[in-house]
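Q: Prediction below, plus the sequence it came from.
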Amino acid sequence: ACAFAGLWNCVTINPLNIAAGVWMMLNAFVLFLCEAPFCCQFIEFANAVSARADKLRAWQKAAFYCGMAVFPVMLSLTLTTLFGNAIAFATGVLYGLSALGKKGDAISYARIHQQQKQMDEEKLTGTLEGQA
């Protein structure tokens, strides 16, 4: 979607639209290299780029993909750039959510809260006894 929208964005005479379209096509190429290297078997360095991208942490991938997707929108705010970069931005958001980790269960949070409450009460009674 990003590549097709970028190509469509280049069919204009506005230089900012052309720049945003070229950047969108570059984004699509980088996403293919990092996420689906089997689609780029004819490129010699595709496996090396994919291996390097796999070594990155989830939050680093999230920042990279979201940053790549926001730049063309800042260059040319049109529906084509918004919809074309939505998938790249969503990929970054999903990596960001995976970086946050699993949601904790309510029972363990209740136990932690109960322990902290007991510790606070013990500290409070300890200071009151120390004053008396």
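A: Yep, it's here.

Q: hey, let's count contacts and neighbours off CA atoms from now on
A: OK.

Q: residue contacts, residue 40?
A: Residue 40 makes contacts with 32, 33, 46, as judged by C-alpha atoms under 8 Å, 6 or more residues apart in numbering.

Q: Of these, which is the most crowded?
A: Highest neighbour count within those: residue 33, with 23 neighbours (other C-alpha atoms under 10 Å).

Q: Would you map the helices across this structure?
A: 2-9, 15-35, 46-55, 58-75, 79-100, 106-131 (DSSP state H).

Q: Mind putting these into TSV with mean pLDDT?
A: Converted to TSV, these look like this (pLDDT from 0 to 100):
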stretch	mean pLDDT
helix 2-9	84
helix 15-35	86
helix 46-55	79
helix 58-75	87
helix 79-100	86
helix 106-131	72
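
Q: what about residue 113, neighbour count?
A: Number of residues near residue 113 (other C-alpha under 10 Å) recorded here: 12.

Q: And it, how far from residue 123?
A: Residue 113 sits 15 Å away from residue 123, going by C-alpha to C-alpha, to the nearest Å.

Q: Run through who's touching stretch 14-26.
A: Residues outside stretch 14-26 that contact it (C-alpha under 8 Å, 6+ apart) are 2-12, 69, 71-73, 75-76, 81, 84-85.

Q: Distance to residue 101 added to the contacts of residue 40, as CSV?
A: Putting the contacts of residue 40 into CSV (distance: C-alpha to C-alpha, whole Å) gives the following:
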residue, distance to residue 101
32, 25
33, 25
46, 29
